[in-house]
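> Turn this into a model:
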Amino acid sequence: MIVLGIETTCDETSVGIINFLQQKRKNSNLPEIQELALVVLSQDFHSIYGGVVPELASRAHLENISQVLKSAIERAKIEISDIDFVSVANEPGLPGSLIVGVSFAKGLSQALNKKIVPVNHVEAHIISPLIENDLKFPFASLIVSGGHTSLYLVEGVGDYKLLLKTRDDSVGEVFDKVAKFFRFGYPGGPIIDSISKDAESFFLFPEIQVEDFSFSGIKTFSVRTPLNWFGPFPLPEFFSSFQKKVIDDIIGKTIRVIKNVGVDVVAVSGGVARNSYFRQRVKDFSEIKFIFPSPKYCIDNGSMIAFLGGLKILFGKVDKFDFDFDIRPTGVLKSKGGIDWESGA
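Numbers count the residues shown, from 1 in each chain. So this is what the prediction gives:
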């Protein structure tokens with residue numbers, strides 16, 4: 001079964017093609033897969049604005065999506081008619097960006113006479129570490145990106161329980177905003193990570209006094225500290241201290257919560273999963289194992305959309321195959337105990 005996935009929720013135009021094989025994995029009992037192609041086109045021009053401009057993002061998706069699809073088909077070395085299903089992220093995300101992706105996916109599936117599966121972008125991140133890793137259920141999934149900072153208990157495909165979420169900014173958002181304050185471009189995470197390499201961490205940040213994730217206080221402290229500094233400001237050391245405080249808070253709260261639910265594996269996804277300090281900090285943990293995907297799966301990508309769409313088909317999680325669905329910019333992800341609202345891109 002070959003599934004094509006389309007991702008346009010924010011500022012990455014991406015198409016992934018996944019072939020689901022007959023063989024089963026040992027631990028999860030999920031099917032073995034073969035990634036035939038993944039093409040991701042990031043919109044770098046947003047850097048000069050210090051963040052994503054929604055109108056420009058949707059226009060860029062419109063201009064690029066056909067070529068991205070063509071490139072993916074060529075890399076997969078298949079005919080487009082070989083596609084069995086089309087999967088597309090229709091929630092949550094930027095409205096204009098979602099419209100482009102969903103409209104294109106519907107047109108493609110109609111032209112090919114193939115069935116289409118809409119999927120939730122957050123759920124795709126939750127499941128994405130399973131693209132490369134055969135993890136035994138249950139495990140914890142930590143999403144750390146520019147739009148989301150959430151911790152879920154994953155007990156199966158479509159079976160999630162929200163354990164922690166941010167009260168205010170997402171972790172990627174606070175990296176971007178702090179970098180922008182110091183007049184650096186977007187995205188800010190890789191810039192801060194690079195500048196802080198090998199620098200000492202001697203700045204003392206205020207403690208976060210809430211049980212959930214929360215980064216607004218750290219953001220405020222970060223933009224006020226330089227204003228009261230006399231003499232040359234030690235930027236590498238400040239960025240190193242900032243990064244350490246944010247990541248250590250995420251790690252500490254994650255470990256505290258998952259110990260109470262009885263799992264010892266945390267699968268990390270989202271753009272901040274590429275952070276070098278994060279990866280090094282948890283590298284030698286013994287009681288809790290942190291799993292990081294390859295960098296190409298940390299950012300928004302079409303393969304995670306194709307992967308989730310295929311799993312929903314195989315596990316009977318699709319109520320009906322039709323075109324009667326729309327975009328849901330503030331779409332919901334259903335989990336045990338109720339509905340968890342997740343907005344952003």
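
> Within the sheet, what are the partner strands of the helix or strand hosting Leu38, with directions?
Per DSSP states H and E: Leu38 is located in strand 31-42. Sheet pairing for strand 31-42, assigned by DSSP bridges, gives strand 12-24 (antiparallel).

> What is the neighbour count of Ile192?
As a burial measure, Ile192 scores 25 neighbours (other Cβ atoms under 10 Å). For every residue, glycine as well, the C-beta is placed using N, CA and C.

> quick one: contacts for it?
Contacts for Ile192 (Cβ atoms under 8 Å, 6 or more residues apart in numbering) come out as Phe175, Val178, Ala179, Phe184, Phe239, Phe242, Gln243.

> who wins for neighbours among those residues?
Counting neighbours by other Cβ under 10 Å, the top entry in these is Phe175, with 30 neighbours.

> Now do the SS call for that residue.
Here Phe175 is helix, with the state taken from DSSP: H, G, I helix; E, B strand; the rest coil.

> do Leu62 as well
The three-state label given to Leu62 by three-state DSSP is helix.

> pLDDT score for it?
Per-residue confidence (pLDDT) for Leu62: 95.

> Okay, and the nearest residue to it once chain neighbours are set aside sits in which element?
Nearest residue to Leu62, sequence neighbours excluded (Cβ to Cβ, 6 or more residues apart in numbering): Val100, at 5.1 Å. Element membership of Val100, judged by DSSP H and E, is helix 95-112.

> For that helix, name the packing helices and strands.
The contact analysis (3 or more Cβ pairs under 8 Å, 6 or more residues apart in numbering; DSSP states H and E) places helix 95-112 against strand 2-7, helix 54-76, strand 85-91, strand 115-120.

> Would you tell me which of those gets closest to Ile143?
Checking the helices and strands packed on helix 95-112 against Ile143 by Cβ to Cβ gives strand 115-120 as the closest, at 11.8 Å.

> strands paired with the closest one, and their directions?
Applying DSSP bridges, strand 115-120 is found paired with strand 85-91 (parallel).

> count of neighbours near the closest residue in space to Val268 that isn't next to it in sequence?
Nearest non-adjacent residue to Val268, counting by Cβ to Cβ, 6+ apart: Leu142, 4.9 Å away. Applying other Cβ under 10 Å, we find 27 residues neighbouring Leu142.

> swap in Phe182?
Phe182: 17 surrounding residues under other Cβ under 10 Å.

> My read is that it contacts Leu235, right?
Yes: using Cβ atoms under 8 Å, Phe182 makes contact with Leu235 at a distance of 6.9 Å.

> Now for the contacts of Ile192: which two are most distant?
Greatest spatial distance among the contacts of Ile192 (Cβ to Cβ): Phe184 and Gln243, at 13.6 Å.

> Show me which residues of the strand holding Leu38 are buried.
Across strand 31-42, burial judged by 16 or more other Cβ atoms under 10 Å covers Pro31, Ile33, Glu35, Leu36, Ala37, Leu38, Val39, Val40, Leu41.

> repeat for stretch 256-272
Val257, Ile258, Val263, Val265, Val266, Ala267, Val268, Ser269, Gly270, Gly271, Val272.
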